[in-house]
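>>> From the sequence below, what's the structure:
(chains A and B)
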Protein chains: 2
Amino acid sequence: MIGVDWGTTSFRAFRLDKSGVIGRIERDGGIMQVQDGDFAAALRGAIGPWLAEGESRVLMSGMVGSRQGWVEAPYCPCPAGAGEIAGRLMPVAFEGAQVFVVPGLSAQDMGGVPEVMRGEETQIIGAGAEGLVCLPGSHAKWAVVSGGRIEGFETYLSGEMFAAVRSATILGRMMDEGPHDAQGFARGVSRSGDAGHLLHHLFGVRALGLFGGLSGAASASYLSGLLIGTEIRAAMPRPAAVTLLGAPALCGLYAQAIAALGGFPTIGPSDCAASGLAFIGSLTPWN
Amino acid sequence: MIGVDWGTTSFRAFRLDKSGVIGRIERDGGIMQVQDGDFAAALRGAIGPWLAEGESRVLMSGMVGSRQGWVEAPYCPCPAGAGEIAGRLMPVAFEGAQVFVVPGLSAQDMGGVPEVMRGEETQIIGAGAEGLVCLPGSHAKWAVVSGGRIEGFETYLSGEMFAAVRSATILGRMMDEGPHDAQGFARGVSRSGDAGHLLHHLFGVRALGLFGGLSGAASASYLSGLLIGTEIRAAMPRPAAVTLLGAPALCGLYAQAIAALGGFPTIGPSDCAASGLAFIGSLTPWN
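Sure thing, here's the model as predicted:
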């Protein structure tokens, strides 16, 4: 079968057999870049050669199943594992292959506010992790997994706030471009201590800079530590084991911060999306 | 004498005698708009007529005393009242009048991170308030005043973050322009409860919108309530009396949120800057 992880800005396809991934395609063509909304043409353009070689089963996950995607696949409510997800796959009309879309998951946080994910559920299932699982990113997800089922999850806007603070506030104007500054990052994580004071700590980035306590080169890393530290303290109120899934560099930063805050980070397997698609694919009602 | 409150984006001058304010000038010409950095010409252009009528004493406060201003007036460390401030006025050469600049204040927060204000100290002194004093704004200040002296203070970036979230994140794209929505604001204040989760609550603005739980018209007010509520919970950890100084509409929102969180808000006198300049002026070593 073919597994596709189709997000807002990226497209990844995996050719899968029982031994695992036997071919892969990666390109920029996220759902926002699909010409004239012709998803079928975009998919055929990418995986046409595999179809020509006889593949006829395609399972897709990610924002391709959102309102802005190919079809809207209604969210599957938590708790949900591969079984519940496979029971709610959304078929898509496509000539020459059976195509299904994995639904995203929905949940409610303790305050009754809705939560949503699309694509991360497939990675979590693919990782086979239990307990607290974190997927860093512009909208970081923290999920609790038990017996292979995602019990619930929370989203943190840390990555997007980092970009917004840099691009649209006075703090950004004092930040120099440059390599990651490990000491600045660690200081930011440590400073995040009193989580309720994030709005105050943000001003501190500027005040430290003004008084020579933080260089322009270190301040972006300090801000990153402040935001990631605040997120972790909220998402991991007590020291816990955390499995990290995602881009290695960002997972590395989170691992550092989790360890500094008393937790026990593990960086999970790469290619979780492929394994998750393969596993859900094994439960899919193909013709 | 003449009192001048000269900030980054605004210029206000007051003609003062023993009875109070007997004349006022307000214009857009903040320190960033001074042509060729010629502050003397800008000042003369604004208050020339009063000088011609015999005024010869000018006291200025605000960002005019910053590195980007006319002269840099070194910060006066807290605790500081009118006496300490008057002892550190910075003279400025100006033909035809004696001109002094009020220094800003510096402090350290409990984590040893520096804090600064310029202009707000004059308003606080002018208000004659005691206890907890809040000056809402893009960089909101919370000061503790005791016996007329500012013991210390903290800055919160809430106002600037509100603008950054609106202009530079996905949340801004779902917000419609429109009048203030009192119910949305109150919901945001109430939701801010778990202050450590601000980064999570920000995603909630989007998730609520996605599920029809928050209209585009109400979401900006909800975001405002979320940020102001988070700020107040951090700055007022226990219910307390709070004096609010500043723009009436924004003070009104803060008063609502403070009351909702168990505190006791009072909106302070207007024209605090003028009274503060008059009071410090009475202690100024004029020739």
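
>>> and the next element down the chain from the helix or strand where A:Pro265 lies?
Using DSSP states H and E, A:Pro265 sits within strand A:264-267. For strand A:264-267, the following helix or strand on the C-terminal side (DSSP H and E) is helix A:272-282.

>>> buried ones in that following helix?
A:Cys272, A:Ala273, A:Ala274, A:Ser275, A:Gly276, A:Leu277, A:Ala278, A:Phe279, A:Ile280, A:Gly281 (16 or more other CB atoms under 10 Å in any protein chain shown). (Glycine included, C-beta is placed from N, CA and C.)

>>> That helix: how far from the chain's middle?
Chain-centre distance of helix A:272-282: 16 Å, with CA atoms, centre = their mean, to the nearest Å.

>>> Over to stretch A:124-134?
Distance, centroid of stretch A:124-134 to centroid of chain: 12 Å (CA atoms, centre = their mean).

>>> and if you look at stretch A:78-97?
With CA atoms, centre = their mean, you get 20 Å for stretch A:78-97.

>>> Please see if that stretch touches chain B.
No: using CB under 8 Å from any CB of the partner chain, stretch A:78-97 stays clear of chain B, coming no nearer than 13.5 Å.

>>> now that stretch: mean pLDDT?
Throughout stretch A:78-97, pLDDT has a mean value of 97.

>>> hang on, the earlier thing: which helices and strands sit right next to the strand holding A:Pro265?
strand A:241-244, helix A:248-260 (3 or more CB pairs under 8 Å, 6 or more residues apart in numbering or on different chains; DSSP states H and E).

>>> Packing partners of the longest one?
So the one you mean is helix A:248-260. helix A:182-191, helix A:216-235, strand A:241-244, strand A:264-267.

>>> Would you mind finding the most buried of those?
Among the helices and strands packed on helix A:248-260, helix A:216-235 has the highest mean neighbour count (mean count of other CB atoms under 10 Å in any protein chain shown), at a mean of 25.

>>> Run the chain-centre distance for that helix.
The mean C-alpha position of helix A:216-235 is separated from the chain mean by 18 Å, CA atoms, centre = their mean.

>>> Wondering if it reaches chain B at all.
Yes: against chain B, helix A:216-235 shows contacts by CB under 8 Å from any CB at A:Leu227, A:Thr230, A:Glu231, A:Arg233, A:Ala234, A:Ala235.

>>> how much does that helix deviate in direction from helix A:248-260?
Relative orientation of helix A:216-235 and helix A:248-260, computed by axes from the mean of the first three to the mean of the last three CA atoms, to 10 degrees: 60 degrees.

>>> The helices and strands packed on helix A:248-260 into TSV, with extra columns for mean pLDDT?
Below are those laid out as TSV (pLDDT from 0 to 100):
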stretch	mean pLDDT
helix A:182-191	95
helix A:216-235	95
strand A:241-244	98
strand A:264-267	98
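
>>> returning to what we had before: roughly how far out does the strand holding A:Pro265 sit from the chain middle?
Put simply, strand A:264-267 sits 16 Å off its chain's centre (CA atoms, centre = their mean).

>>> Could you list the paired strands of that strand along with their orientation?
strand A:241-244 (parallel) (DSSP bridges).

>>> Grab the CA positions of the partner strand and hand them over as CSV.
Taking only C-alpha atoms (Å, rounded to 0.1, in the frame of the first residue of the first chain), the coordinates of strand A:241-244 have been written out as CSV:
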residue,chain,number,x,y,z
ALA,A,241,8.5,10.2,31.2
VAL,A,242,7.9,11.9,27.9
THR,A,243,8.2,10.5,24.4
LEU,A,244,9.1,13.2,21.8
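
>>> got a list of contacts for it?
Strand A:241-244 is contacted from outside by A:127, A:129, A:131-136, A:236, A:251, A:254-255, A:258, A:263-268, using CB atoms under 8 Å, 6 or more residues apart in numbering or on different chains.

>>> Can you select the buried ones among those residues for me in ChimeraX?
Here is the ChimeraX command that selects only those of the contacts of strand A:241-244 that count as buried (16+ other CB under 10 Å):
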select /A:127,129,132,133,134,135,136,236,251,254,255,258,263,265,268
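
>>> Strands of the stretch 51-200 of chain A, residue ranges please.
A:57-61, A:76-77, A:90-92, A:98-101, A:105-108, A:114-117, A:131-135, A:140-146, A:149-156 (DSSP state E, counting those that start in this stretch).

>>> Export the ones you listed as JSON lines, with columns for distance to B:Ala86.
Converted to JSON lines, the strands of the stretch 51-200 of chain A look like this (distance: least, CB to CB, whole Å):
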{"stretch": "strand A:57-61", "distance to B:Ala86": "68"}
{"stretch": "strand A:76-77", "distance to B:Ala86": "65"}
{"stretch": "strand A:90-92", "distance to B:Ala86": "73"}
{"stretch": "strand A:98-101", "distance to B:Ala86": "71"}
{"stretch": "strand A:105-108", "distance to B:Ala86": "57"}
{"stretch": "strand A:114-117", "distance to B:Ala86": "56"}
{"stretch": "strand A:131-135", "distance to B:Ala86": "54"}
{"stretch": "strand A:140-146", "distance to B:Ala86": "50"}
{"stretch": "strand A:149-156", "distance to B:Ala86": "48"}
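
>>> most packed of those strands?
Note that of those, strand A:57-61 is the most buried (mean count of other CB under 10 Å), with a mean of 25.

>>> do you know how far the residue of chain A positioned farthest from its centre is from B:Pro114?
Computed with CA atoms, centre = their mean, the residue of chain A farthest from its C-alpha average is A:Phe211, at 37.2 Å. Taking CB to CB, to the nearest Å as the measure, A:Phe211 falls 5 Å from B:Pro114.

>>> again with A:Pro103
Distance of A:Pro103 to B:Pro114, given as CB to CB: 50 Å.

>>> do the same with A:Gly37
From A:Gly37 over to B:Pro114 (counting by CB to CB), the distance is 53 Å.

>>> Looking at the residues of helix A:216-235 next to chain B, which is nearest B:Ala218?
Checking those against B:Ala218 with CB to CB, the nearest one is A:Ala234 at 24.9 Å.
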